[in-house]
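> Everything below, folded, please.
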Amino acid sequence: RRFDLYDNVVFNDTVTGIYADNSGINHVMVDTDVRNGFTYYYAITSFDYNWVKEAYAYDSIFAVDSTFYIDTLGVDTIWVYVYDTIEVTGDGPRPIWFEGGKVGVSSVARRNPGDYIEPGSLTVTVEKGSERLASLMSGTIVYPFDVGVDNPIYIEFLGPDTTTVYYDTLGVPYEVLGAQYTVYIKDVDKNIIDSLMPNIVLGGGHFVHEFTPLSGIAAEPMIGTDELPATIPMFEDVEVIGSYPEELISVDNMLSIIPDPEATHYDYGFWAYRGSDYEVHWIKAYGSDSVNSVVVIDASYGDTIPYKPFNNTDSLKHLGNGWCFTWHVNFTNVWSRGSHDTLIFTASGSPPVTSRSLYINGGLVGFTGGITIAQRPSEGEVWIVKANTDYLPASVCGEMRVEATSAEWATQVDELRVKVVPNPYLVYNEWQATLYSKRLKFINLPSECIIRIFNLNGELVRTIRHHYTYEPAQGEQEVTGSAGGDEWWDLLSDNRQLVASGVYIFHIQSDVGEQVGKFVIIR
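Just a heads-up that it's a prediction; the model follows:
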């Protein structure tokens, strides 16, 4: 598997087989296609892939102290050390890549102890922001005893920041509508532990970033925006707490158009869409005797939306994260008239600039009544602008609590299910690498137990103390694969003598129960 640091470089080099897809760096990988008792080897490597600028035209060559300099056309000056001739080759940038050395580690698949109780599933609670943000959150429990309802982690999505400059594989900038997203991972005390700030093209889809495990959880938030439909109503309804007639408010005809760099008009503010409901509080502002402005609050996230003189143009799209009054009622034409922070109630000027809509973070709330507002809202009145729930919101303006119940050890079990594998043990089996490395395995053991092995005469052959976190004494070597609910036996007695063929009895003694069983050795 390959993972690329999110740095806005996307390419697929068919010659070298190297690709970068901005999928983020995965810190944890869970391999489920394994067989118990076998050793698996894993290695991690890193690489860097860049374009090196070559001279492709020059207008002069001169020497200073036997060092030749090339004065190029259209590229930076480069220099080389030569003493007799100089040659310029190539017709532009060339790729160069480096790869780090692979360092392998080994791991042996094994079963969990018989008295092990797995942790609960991850639960995601949205503490601030749209409830639909929970669908953007997943994760993997990698340290089961570190998780707990009293040890949660927090994922916070900050508000988006618009950006316009992206680069192709040759480092050439091109313009496309997108935004910078900021994601924090916090500990139980809400201290910021790590962060990510990718730039993502609007409508480019979500990508999963896996943070370094914290509190036993490798959090995997989805970052970005879902693919865009052709049109979408930003808001689905407005509830009025006050006397203003709701039939004089319109939201169903306000559509967002897919951004297209070649189009002449679309919703330049859609990048600021949160998927939140908003509270619009009508007030008297700037010494006015009449209601003439608003305070807009994100009802889900809790922050106050700032006023910004957004105009649906390319040059002002960075002001899309805010509210304003506008004459325009949709995004299907170029906004030719400026926006304002006070309600213009009656028509004036030529052409008139009456407030016909309230813009909020990529959407419009329309005032019906032609070129004039049919009725002025009352002071203290509140409009609840409800978001459309058909479109998955971007990873912005929200905080989620992620937790799970901790793994634990059972104080008792209904029945121990210890087995010996292979049974019967044959002189050759697939676990036995050589003729001299004989071994079989006890599986499904309790986390702490004593294994006693007897022959049919009742004579004690071997005693093995099993601990789920095997810690060798000083000077001893740890036995690979001894942790968990498995334990190897090398077919040697306590006197270090190889046992003979025959039937053997095992006895398991533990705090959670006992078990007696038998197995056969054939040599």
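
> give the contact list for Arg111.
Residues in contact with Arg111, defined by C-beta atoms under 8 Å, 6 or more residues apart in numbering, are Asn36, Ile443, Asn444, Gly484, Gly485, Asp486. No exception for glycine: its C-beta is placed from N, CA and C like everyone else's.

> unless I'm mixing things up, Cys236 is touching Ala387, no?
Cys isn't right for residue 236; it's Glu. Yes: here Glu236 reaches Ala387: they are 7.1 Å apart, a contact under C-beta atoms under 8 Å.

> number of nearby residues for Glu279?
17 (other C-beta atoms under 10 Å).

> That one bridge partners, please.
Beta-bridge pairing for Glu279 (DSSP bridges): Ile297, Ile384.

> distance of it from Val240?
12 Å (C-beta to C-beta, to the nearest Å).

> Tell me the residues that contact both of those two, please.
Common neighbours of Glu279 and Val240 (C-beta under 8 Å, 6+ apart) are Val382, Trp383, Ile384.

> Would you map the helices across the stretch 151-300 of the chain?
Taking DSSP state H, counting those that start in this stretch as the test, none of the stretch 151-300 of the chain falls into helices.

> Where do the strands of it begin and end?
Here the stretch 151-300 of the chain has its strands, by DSSP state E, counting those that start in this stretch, at 153-157, 161-167, 173-180, 183-186, 192-196, 199-201, 205-208, 217-225, 235-241, 249-250, 278-283, 293-298.

> Save these as TSV, and put in distance to Ala134 and mean pLDDT too.
Putting the strands of the stretch 151-300 of the chain into TSV (distance: least, C-beta to C-beta, whole Å; pLDDT from 0 to 100) gives the following:
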stretch	distance to Ala134	mean pLDDT
strand 153-157	10	97
strand 161-167	24	63
strand 173-180	21	66
strand 183-186	15	95
strand 192-196	19	91
strand 199-201	20	79
strand 205-208	14	82
strand 217-225	11	91
strand 235-241	20	92
strand 249-250	30	88
strand 278-283	20	96
strand 293-298	17	97
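
> among those strands, which is nearest Ser493?
strand 217-225 (44.4 Å; C-beta to C-beta).

> which other residues reach the closest one?
Outside strand 217-225, the residues that touch it by C-beta under 8 Å, 6+ apart are 27-28, 122, 136-142, 147, 153, 155, 157, 181, 183, 185, 196, 198, 200, 202-212, 271, 273, 394-395, 402, 404.

> Buried ones only from these, please, as a PyMOL command.
Entered in PyMOL, the line below selects the buried ones among those, by 16 or more other C-beta atoms under 10 Å:
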select buried, resi 122+136+137+138+139+141+147+153+155+157+181+183+185+196+198+200+202+203+206+207+209+210+211+271+273+394+395+402+404
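
> so where's the stretch 251-400 of the chain uncertain?
Scanning the stretch 251-400 of the chain for pLDDT under 70 picks out 252-265, 346-352, 369-372.

> Let's see that with 90 instead.
Counting by pLDDT under 90, the stretch 251-400 of the chain has low-confidence residues at 251-275, 312-318, 327-338, 343-356, 362, 366-376, 388-394.

> before we move on, the earlier item: just the buried members of the shared contacts of Glu279 and Val240?
If you count burial by 16+ other C-beta under 10 Å, the buried members of the shared contacts of Glu279 and Val240 come out as Val382, Trp383.

> Tell me the one among the shared contacts of Glu279 and Val240 nearest to Thr45.
Of those, the one sitting nearest to Thr45 (C-beta to C-beta) turns out to be Ile384, at 53.9 Å.

> check contacts around the closest one.
Neighbouring residues of Ile384 by C-beta under 8 Å, 6+ apart: Val238, Glu239, Val240, Ile241, Asp277, Tyr278, Glu279, Val280, Ala299.

> From the contacts of Arg111, which land in strands?
Residues of these located in strands (DSSP state E): Ile443.

> from the contacts of Arg111, which is closest to Trp323?
Taking these together and measuring to Trp323 by C-beta to C-beta, the closest member is Gly484, at 57.3 Å.

> do you know how far the most far-flung residue of the chain relative to its centre is from Ala299?
Distance to the chain centre peaks in the chain at Asn457, reaching 60.9 Å (criterion: C-alpha atoms, centre = their mean). Going from Asn457 to Ala299 by C-beta to C-beta gives 79 Å.

> So for this structure, the centremost residue is which one?
Closest-to-mean residue, the chain, C-alpha atoms, centre = their mean: His209 / 2.7 Å.

> Might one say that His281 is in contact with Val385?
No: between His281 and Val385 there is no contact under C-beta under 8 Å: 11.5 Å.

> Look at those two and report which has more neighbours.
Set His281 next to Val385 and count neighbours by other C-beta under 10 Å: Val385 wins out with 23 against 17.

> My guess is that one contacts Asp277. True?
Yes: the criterion here is C-beta under 8 Å, and Val385 meets it with Asp277 at 6.4 Å.

> pLDDT on the strand or helix carrying His466, on average?
Here His466 is covered by strand 460-467, with elements defined by DSSP states H and E. Mean pLDDT, strand 460-467: 93.

> okay, how far is it across stretch 191-205, tip to tip?
With C-alpha to C-alpha, to the nearest Å applied, stretch 191-205 spans 29 Å between its terminal residues.

> Begin at 390, not 1, for the rest of this chat.
Renumbered: residue one is now 390, and that last one reads stretch 580-594.

> re earlier: I'd like to know which of the contacts of Ile773 are buried.
Val627, Val629, Asp666, Tyr667, Glu668, Val669, Ala688.

> Between the contacts of Ile773, which sits nearest Phe756?
Scanning the contacts of Ile773 for proximity to Phe756, where the rule is C-beta to C-beta, the winner is Val627, at 10.8 Å.

> residues in contact with that closest one?
Glu635, Ile638, Val640, Val754, Trp772, Ile773, Val774, Lys775.

> How about it: what's its closest non-neighbour residue?
Ile638 (4.7 Å; C-beta to C-beta, 6 or more residues apart in numbering).

> any idea how far that neighbour lies from Trp671?
Ile638 is 12 Å from Trp671, by C-beta to C-beta.

> list residues touching both of these two?
Joint contacts of Ile638 and Trp671 (C-beta under 8 Å, 6+ apart) are Trp772.

> Same list, the contacts of Val627, but as TSV with distance to Asn710 please.
Converted to TSV, those look like this (distance: C-beta to C-beta, whole Å):
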residue	distance to Asn710
Glu635	27
Ile638	23
Val640	20
Val754	17
Trp772	20
Ile773	20
Val774	16
Lys775	19
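
> So which of the strands of the stretch 540-689 of the chain is nearest Lys808?
With C-beta to C-beta as the criterion, Lys808 lies closest to strand 606-614 of the strands of the stretch 540-689 of the chain, at 31.9 Å.

> For that closest one, what is the distance to the chain centroid?
2 Å (C-alpha atoms, centre = their mean, to the nearest Å).

> got it, and stretch 774-792?
On C-alpha atoms, centre = their mean, the centre of stretch 774-792 falls 15 Å from the chain's centre.

> repeat for stretch 791-800
With C-alpha atoms, centre = their mean, you get 24 Å for stretch 791-800.

> Can you give me the end-to-end span of it?
Span of stretch 791-800 from end to end, C-alpha to C-alpha: 28 Å.

> follow-up on the earlier one: specify which member of the shared contacts of Glu668 and Val629 is nearest to Val494.
Val494 lies nearest to Ile773 out of those, by C-beta to C-beta, at 55.6 Å.

> distance of the closest one from Asn681?
According to C-beta to C-beta, Ile773 and Asn681 sit 21 Å apart.

> since we're on the residue nearest to Val627, how many residues are nearby?
Per other C-beta under 10 Å, the neighbour tally for Ile638 reads 20.

> can you pull the contacts of it?
Each residue near Ile638 by C-beta under 8 Å, 6+ apart is listed here: Val627, Val629, Val754, Gly755, Phe756, Thr757, Trp772.
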